[in-house]
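In: can you look at this prediction? I've put the sequence above it.
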Amino acid sequence: MTRLFIWLLLALLPTVTVMSQACCNAGGLASCGSTGLLTGLRTSSAGLRLMRVPFTTNSNVDGDSYKDDFYVAELAVRYQISPRWKVALQQPYRWNVRQQTGETETLQGFADTRLTGSFALLDNVQLGGHSMLYWEIGTGIKLPTGKYDQSIYFRDLPGNLNLGMGNMGYLFLTNAVFFKSKYGLSLNAGYQLNGKSRDDYQFGDQFTAALSLFREFAVGEKWKLVPFAGASVEKFGKNFLPSGNFAEGSGGEGWLAMLGGNVRYGDLQLSLSASRPFHQNYSSGAIVAKQRYTLEFTYFF
């Protein structure tokens, strides 16, 4: 039973990718699950996640040369209402920087708020042989609370530089963790269905998923180390202008290898991870994703 579940979990990542329609727009930031919650899904938590997501133009493709750096500071709170029910809030603040020859464009401010609720279908169910399975599914909404500049498309700037989307989004997510002694295998996936923005701009739907293998090491009574490695995927659907025409430069996907670790002392945890693309196709090859970094501070209560 244990081996069967592991194989099913490994097979699930490419399967859900094919089923999805993909995500926002090339260079956009999809919201994936937190690696800081690999061993803390069954407790309430509050945390701050810092991310740097860089993109640059492909030197082999003709056109304007530029570099985009997306910086995010995201506050996330998960509250356990009952053993199986929980609610969560995510509020990001973004700095979007585009550097071109002799010119730098910077946008900063609050991005869209996400509210979700989830239910644990399997709450650490024993599978035999010192193994357990936790699995939750959830749904929620993305509110148009972020700053949305309707004129950005008339300034030769792409939609992904906007801080907010100016639309309602509908979220579907799942988290599953399989434990075998001190080892674990984690899968999280999320899909965001986007409505039209208030100026009739249509962002493509977004999809993210991540699969991680981790190991717990107890050091004394309060210290715990959790190194992990895995892979993630993001897919970006094409955007459409209010006229109905395709928004040039939108659409794409990326697969990334991930490596990192969590250090926990009592109820406090620090998590650091790096992700490097090993397969990608953003904006029909015109944009190249670079290595990303994530730093998380989490308090469990």
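Out: Great, that's in hand. Numbering: from 1, shown residues only.
In: what stretches of this protein score poorly on pLDDT?
Out: Scanning the chain for pLDDT under 70 picks out the ranges 1-33, 61-63.
In: apply 50 and report the result again.
Out: Across the chain, the ranges flagged by pLDDT under 50 are 2, 4-31.
In: how about stretch 58-69: buried residues?
Out: Across stretch 58-69, burial judged by 16 or more other C-beta atoms under 10 Å covers Y66, D68, D69. Yep, even glycine has a C-beta here, placed from its N, CA and C like the rest.
In: now, those residues that are in strands?
Out: The strands, defined by DSSP state E, take in Y66, D68, D69 from the buried residues of stretch 58-69.
In: look up how far N162 lies from the first one.
Out: When C-beta to C-beta, to the nearest Å is applied, the distance between Y66 and N162 equals 16 Å.
In: do R215 as well
Out: Taking C-beta to C-beta as the measure, R215 falls 40 Å from N162.
In: F203 too?
Out: Taken as C-beta to C-beta, the span from F203 to N162 is 9 Å.
In: neighbour count winner among those two?
Out: Set side by side, F203 and N162 show more neighbours around F203, with 28 against 25, by other C-beta atoms under 10 Å.
In: so the more buried one sits against G159, correct?
Out: Yes: using C-beta atoms under 8 Å, F203 is in contact with G159, at 6.7 Å.
In: just to revisit the earlier point, output the buried residues of stretch 58-69 in JSON lines, with distance to Y148 appended to each entry.
Out: Output for the buried residues of stretch 58-69, formatted as JSON lines (distance: C-beta to C-beta, whole Å):
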{"residue": "Y66", "distance to Y148": "22"}
{"residue": "D68", "distance to Y148": "18"}
{"residue": "D69", "distance to Y148": "20"}
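In: which one among the residues you listed gets closest to T57?
Out: Y66 (5.7 Å; C-beta to C-beta).
In: run through the bridge partners of the closest one.
Out: Q100 (DSSP bridges).
In: what about stretch 238-251, how long is it end to end?
Out: Start and end residues of stretch 238-251 are separated by 4 Å (C-alpha to C-alpha, to the nearest Å).
In: any idea how far that stretch is from the chain center?
Out: 23 Å (C-alpha atoms, centre = their mean, to the nearest Å).
In: from now on call the first residue 49
Out: Okay, using 49 as the starting number, the last item reads as stretch 286-299.
In: three-state assignment of A305?
Out: strand (DSSP: H, G, I helix; E, B strand; the rest coil).
In: how much space between it and G194?
Out: 30 Å.
In: those two: who's more crowded?
Out: Per other C-beta under 10 Å, whichever of A305 and G194 has more neighbours is G194, with 20 against 15.
In: contact partners for the closest residue to that one other than its chain neighbours?
Out: Distances taken as C-beta to C-beta, 6 or more residues apart in numbering place G212 nearest to G194, at 2.2 Å, with adjacent residues excluded. Applying C-beta atoms under 8 Å, 6 or more residues apart in numbering, we find G212 in contact with F158, A159, D160, P192, T193, G194, K195, Y196.
In: try 10 Å
Out: 140, 142, 157-161, 190-197, 245 (C-beta atoms under 10 Å, 6 or more residues apart in numbering).
In: among the residues you listed, which lie within strands?
Out: Among the contacts of G212, the members falling in strands (DSSP E) are P140, R142, G157, F158, T161, K190, L191.
In: show me which of those are buried.
Out: P140, R142, T161, K190.
In: let me see the contact set for the last one.
Out: If a contact means C-beta under 10 Å, 6+ apart, then K190 has 79, 138, 159-164, 212-213, 215-219, 240-243, 254 as its contacts.
In: if you set the cut-off to 8 Å instead, what comes out?
Out: Going by C-beta under 8 Å, 6+ apart, K190 touches D160, T161, R162, M213, M216, G217, Y218, L219, Q240.
In: in ChimeraX, how would I select the buried members of those?
Out: Restricted to buried positions by 16+ other C-beta under 10 Å, the ChimeraX selection for the contacts of K190 reads:
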select :160,161,162,213,216,217,219,240
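In: quick check, nearest of the contacts of K190 to L123?
Out: Looking across the contacts of K190 and measuring by C-beta to C-beta, the closest to L123 is T161, at 10.0 Å.
In: the closest one touches Y141, doesn't it?
Out: No: judged on C-beta under 8 Å, T161 makes no contact with Y141 at a distance of 11.1 Å.
In: shared neighbours, those two?
Out: With C-beta under 8 Å, 6+ apart, T161 and Y141 have no common neighbours.
In: how near is W271 to L316?
Out: Note on W271: its distance to L316, by C-beta to C-beta, is 11 Å.
In: having no further points to raise, I will conclude here.
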